[in-house]
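Chemist: Need coordinates for the following:
(2 chains)
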Amino acid sequence: MNWLHHLIILPILLPILTAAALIPIDERNRTLKGVIAFTSIVVVFIISVLLMQMAASSGEGETGASVYLLGNWPAPFGIVLVLDRLSALMLVLTGLLAMATQVFSMAKWHRAGYHFHSLFQLMLAGLNGAFLTGDLFNLFVFFEMMLAASYGLLLHGSGPMRVKAGLHYIAVNLATSSLFLIGVSLIYGATGTLNMADLAMRITTIGPESRMLMEAGAALLGIAFLVKAGMWPLGFWLPATYSAATPPVAAIFAILTKVGVYILLRLSMLLFGSDAGASLGFGQPVLLYGGLLTIGFGAIGVLASQAMGRLAGYCVLVSSGTLMAAIGLGNGAVIGGALFYLVSSTLTMCAFFLLIELVERARDAGADVLAVTMEAYGDVDENEAEKEGGVAVPGTMAVLGLCFCACAILLSGLPPLSGFLAKFAMLHGLFNPASFGGDAPVSGAEWAYTALLILSGLAAMIAMNRVGIRTFWTSIEGTIPRVFLIEITPVLLLLTACVFLSFQAGPVMRYMDATAKSLGEPQNYIGRVMSAPRAGPAAGE
Amino acid sequence: MELVLSAGIGVLTASGVWLLFRPRTYQVIIGLSLLSYAVNLFIFGMGRLRVNAPPVLEPGGVGGLLTHTDPIPQALVLTAIVIGFAMTALFLVVLLASRGFTGTDHVDGRE
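Modeler: Model (predicted):
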């Protein structure tokens, strides 16, 4: 127990404090607010990287889960934060996305409404909390925190379209939260605990009448996360919402679906993993077939959509469908590849959402929305906007075109970039389970998964080609958008991260495989949480 | 008492779900409120129903499920009420904004 251990709480605490500190600062000092928020994000990112090292280094062959006892109560009674490889990975990913979108928003979009930076920080706190917590009800609180901030962010910029999308989004999520609560309380009623590790231990011993209640609770909880992850038929709200949000908000929303996926992965491996007794593999078929249907639905949507925003929304669906089906396959080797895919696709999606606005800026429709937005708030005049944006990028169309190409390659999973490597890793795991000690023949569902994975890539490629040709080669307006350095840099940064993933695929993949392996052995995680030592002098005072 | 509570939860849920699927925003918000009441009662019920049992320990006293009721669901309900209330208030604002933008109270913004 050294000072490094206390870093675990900071990814939650620091954004909350920053959000609070930003509120009294006058809205006119937006740049100052943005800089403070950005500094906080960078600090949290550095902490996340340190935590990742901590999680990865503390013990070969162990989970390396570090447990932080909030309030210093021993594990099953107090609330715990648990840091292991998976949560550290998600923290780093969130940090990367947050940095990029924060910089992007400072060019222009944070002026479209009030308290953008505070809301953004609160959402990051909720996200980090959801990734770190080891307690189901605490998870609900962080989840609600993240959602509440996301409602505000979605409405950022106002306008009829966003308010309508926001209305639907909030209604869907409020109903979902009710399901979440019913699920959590059913689980509590059946097992008498909310601590995930304790729950995983008790699942093996509960009687059949409680087991039924517990499984019903877990199913309701699962539905809540599947709505968040956008599984067909629960995800119809997603493309409309994502395409209505302002670009930086849509970009950070790319990770919101992954929260659902993360929790599904965490709970299904922990509660219904290798030693769950009678509940072994509960819900896996639903995840598998639901995931497959989601990929199919998403791919059709990708082909059918005309606007780039909707196209990106359907790409998000394809991505989370792929991940859900990968979890549903219940194959440790596939999970490793799926984690790689999660990182790669989230980065790509974030870059793509940012890029869309830059590309569409030249087109009338996008300009109209922006003009209306600006007008609604009235305090931005044209000259100021141009002055504050900074340096315009030379050769705009060439840079945008290259970024678009990179996005297309990453989304469709073509070599040589990380999108291809991720899909390859998943398929490799699917057909070679021997490295994880299995020797089962490839089943029909696995063939379907393979086919859908490849076909969805094809659909993405066709759609991206069509949109790309229409935008870059046969553009009717012929006007070149004004793009500022501060706007294109985040996109380039995210795409560079994907290129880095491709070149460093070996070490990254080793990390992912170790993560998948530790997820497959939940007893380590449980042991660490239940035996976590209390801080300070021994109890007794 | 069990019958009254379960019937109450059932009626609230049924009305809430029915209202949730109605086309007017006001109906939706009332539906969501009813649903959240039902959920709060449900959480309460998951701590088992007890009458005249305190959830908090006396100073120096020893706790036990024979003399005390389970305090955790009560704490959960409290949190859920606060969060649910805040979300309903937010939804109300969005509802009014939608009404202002579109001139109609239909959830899709047009009749």
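Chemist: Touching stretch A:234-242 from outside, list them.
Modeler: Here stretch A:234-242 makes contact (CB atoms under 8 Å, 6 or more residues apart in numbering or on different chains) with A:154, A:165-166, A:168-169, A:172, A:223, A:226-227, A:229-230, A:250, A:253, A:257, A:294, A:297, A:301, A:305, A:309-310, A:312-314, A:316-317, A:320, A:353. Every C-beta, even on glycine, is put in place using the N, C-alpha and C of the backbone.
Chemist: Only the buried residues of the helix or strand B:Gly10 falls within, if you could.
Modeler: Using DSSP states H and E, B:Gly10 falls within helix B:2-20. By 16 or more other CB atoms under 10 Å in any protein chain shown, the buried positions in helix B:2-20 come out as B:Ile9, B:Leu12, B:Thr13, B:Ser15, B:Gly16, B:Leu19, B:Leu20.
Chemist: Apart from its chain neighbours, what residue comes closest to the last one?
Modeler: Closest residue in space to B:Leu20, ignoring its immediate chain neighbours: B:Gly31 at 3.8 Å, by CB to CB, 6 or more residues apart in numbering or on different chains.
Chemist: Then the second one?
Modeler: Taking CB to CB, 6+ apart as the measure, B:Leu12 lies nearest to B:Ala38, with 3.7 Å between them; neighbours along the chain are not counted.
Chemist: Equivalent analysis for the fourth one, please.
Modeler: Ranked by CB to CB, 6+ apart and with sequence neighbours excluded, the top spatial neighbour of B:Ser15 is B:Leu34, at 5.3 Å.
Chemist: What's the local residue count around the one you found?
Modeler: 20 (other CB atoms under 10 Å in any protein chain shown).
Chemist: which of the contacts of stretch A:234-242 are close to chain B?
Modeler: A:Gly166, A:His168 (CB under 8 Å from any CB of the partner chain).
Chemist: ok, back up a step: after the helix holding B:Gly10, which helix or strand is next?
Modeler: Following helix B:2-20 in sequence, per DSSP H and E, is helix B:25-46.
Chemist: now for that following helix, which elements pack on it?
Modeler: Applying 3 or more CB pairs under 8 Å, 6 or more residues apart in numbering or on different chains; DSSP states H and E, one finds that helix B:25-46 contacts helix A:160-191, helix B:2-20, helix B:71-102.
Chemist: so can I have CSV of those showing distance to A:Val92?
Modeler: Output for those, formatted as CSV (distance: least, CB to CB, whole Å):
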stretch, distance to A:Val92
helix A:160-191, 26
helix B:2-20, 38
helix B:71-102, 29
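Chemist: Specify the angle between the helix or strand hosting A:Ala224 and helix A:160-191 in degrees.
Modeler: Element membership of A:Ala224, judged by DSSP H and E, is helix A:208-229. Per axes from the mean of the first three to the mean of the last three CA atoms, to 10 degrees, the angle that helix A:208-229 makes with helix A:160-191 is 160 degrees.
Chemist: what does helix A:208-229 contact?
Modeler: A:136, A:172-173, A:176-177, A:179-180, A:182-187, A:189-191, A:203, A:206, A:234-235, A:256-261, A:263-264, A:267, A:271-272, A:278-279, A:282-283, A:286, A:290, A:320, A:323-324.
Chemist: related to what we said a few turns ago, distance check, the residue nearest to B:Leu20 against A:Leu181.
Modeler: Counting by CB to CB, to the nearest Å, the gap from B:Gly31 to A:Leu181 is 16 Å.
Chemist: for the stretch 251-400 of chain A, what are the low-confidence residue spans?
Modeler: A:275-277, A:362-394 (pLDDT under 70).
Chemist: if you skip the residues just before and after it, what's nearest to the residue of the stretch 101-250 of chain A found nearest chain B?
Modeler: Nearest residue of the stretch 101-250 of chain A to chain B (CB to the nearest CB) works out as A:Gly189 at 3.5 Å. Excluding the flanking residues, the one nearest A:Gly189 by CB to CB, 6+ apart is B:Met46, at 3.5 Å.
Chemist: go on, A:Leu136?
Modeler: Per CB to CB, 6+ apart, closest to A:Leu136 is A:Leu194, 4.5 Å.
Chemist: does the residue nearest to B:Leu20 really touch B:Trp18, like I thought?
Modeler: Yes. With contacts counted by CB atoms under 8 Å, B:Gly31 reaches B:Trp18, the gap being 7.1 Å.
Chemist: Could you show which parts of chain B are in contact with chain A?
Modeler: Going by CB under 8 Å from any CB, the residues of chain B near chain A are B:20, B:25, B:28, B:32, B:35-36, B:38-39, B:42-43, B:45-48, B:72-73, B:76, B:79-80, B:83-84, B:86-88, B:90-91, B:94-95, B:97-98, B:101-102, B:107-109.
Chemist: Looking at the helix holding A:Ala224 now, give me its mean pLDDT.
Modeler: What helix A:208-229 shows for mean pLDDT is 90.
Chemist: Pretty sure B:Gly16 is one of the things B:Leu34 touches, is it not?
Modeler: Yes. B:Leu34 is within contact range of B:Gly16, at 3.6 Å (criterion: CB under 8 Å).
Chemist: now residue 71, nearest residue through space, not along the chain?
Modeler: Looking at chain A here, since you left the chain open. A:Gly71 sits nearest to A:Gly78 (CB to CB, 6+ apart), 5.1 Å away.
Chemist: Please refer instead to chain B.
Modeler: B:Pro55 (3.9 Å).
Chemist: you'd agree the one you found is in a helix?
Modeler: No. Counting by DSSP: H, G, I helix; E, B strand; the rest coil, B:Pro55 is not found in a helix; it is coil.
Chemist: which residues does it contact?
Modeler: B:His68, B:Thr69, B:Asp70, B:Pro71, B:Gln74.
Chemist: and those residues, which are buried?
Modeler: B:His68, B:Thr69, B:Asp70.
Chemist: one step back: and the residue nearest to B:Leu12, what is it in contact with?
Modeler: A:Ser178, B:Gly8, B:Ile9, B:Leu12, B:Thr13, B:Gly16.
Chemist: what residues are up against the first one?
Modeler: For A:Ser178, the contact set (CB under 8 Å, 6+ apart) comprises B:Leu32, B:Leu35, B:Ser36, B:Ala38, B:Val39.
Chemist: Kindly report the residues of chain A close to chain B.
Modeler: So chain A meets chain B at A:137, A:140-141, A:144, A:148, A:151, A:155, A:158-160, A:163-164, A:166-168, A:170-171, A:174-175, A:177-178, A:181-182, A:184-186, A:188-189, A:194 (CB under 8 Å from any CB).
Chemist: Just the buried subset of those residues, please.
Modeler: By 16+ other CB under 10 Å, those give A:137, A:140-141, A:144, A:148, A:151, A:155, A:158-159, A:163-164, A:166-168, A:170-171, A:174-175, A:177-178, A:181-182, A:184-186, A:188-189, A:194 as buried.
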